[in-house]
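Colleague: I'd like to go over a predicted model; first the sequence, then the structure.
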Amino acid sequence: MDDVTIYTDGACSGNPGPGGWAAIIIQGDDAEQLTGGARHTTNNRMELTAALEALRRLDAPTRVQLHTDSAYLSRAFNDSWIANWQQNGWRTSSKKPVKNKELWQELVELNEEHEIDWIWVKGHADNELNNLADELAVAAMEPYM
């Protein structure tokens, strides 16, 4: 099984508003940058999309260290939020429907296919690759403004 390191970030101007996402996939000495955006979206949706698009690029089951500055994304997997949502019929603890359910469902499938460590990193701090992902996400948002 291959090892891959991924850094992701999402950006949004207004929430909702125009948004962008970015992922940096590092495998051995190779690095690939992915970006995209949407005219009307939310920051959480862009954070989820960044992780989803990066994981979709993996051809076979892979050990992944996925770094995100989204506590929402990392905690959903690390603190069993997703298991609770599924058990509650994709409803939150306050009985409201989980937003972006279709993205979460695909992330769950990919999480089962790969061995993913969901690693939270502090945003806008001293992590060079997280900062690069942020710059790429902001740039990816520009065409939609």
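Modeller: Structure received.
Colleague: The helix or strand hosting residue 19 pairs with which strands, and in what direction?
Modeller: Residue 19 belongs to strand 17-27 when assigned by DSSP states H and E. Strand 17-27 sits in its sheet next to strand 2-12 (antiparallel), strand 30-41 (antiparallel), going by DSSP bridges.
Colleague: buried set for the last one?
Modeller: Spelled out, that is strand 30-41. 34, 35, 36, 37, 38, 41 (16 or more other CB atoms under 10 Å). The C-beta positions use only the backbone N, C-alpha and C, and glycine is treated the same way.
Colleague: can you put the strands paired with strand 17-27 in CSV and add mean pLDDT?
Modeller: CSV is the format used below for these (pLDDT from 0 to 100):
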stretch, mean pLDDT
strand 2-12, 97
strand 30-41, 98
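Colleague: State the pLDDT value of the most centrally placed residue in the chain.
Modeller: Centroid-nearest residue in the chain, with CA atoms, centre = their mean: residue 51, separated by 2.9 Å. Note on residue 51: pLDDT of 98.
Colleague: surely it meets residue 64?
Modeller: No. Between residue 51 and residue 64 there is no contact under CB atoms under 8 Å: 9.8 Å.
Colleague: Which stretches in the chain count as helices?
Modeller: Using DSSP state H, the helices of the chain run over 43-56, 71-78, 81-87, 101-113, 128-141.
Colleague: So which other helices or strands are in contact with the second one?
Modeller: For helix 71-78, the helices and strands in contact under the criterion 3 or more CB pairs under 8 Å, 6 or more residues apart in numbering; DSSP states H and E are helix 43-56, strand 115-120.
Colleague: nearest to residue 126, of the ones you listed?
Modeller: Residue 126 lies closest, by CB to CB, to one member of those: strand 115-120, at 14.9 Å.
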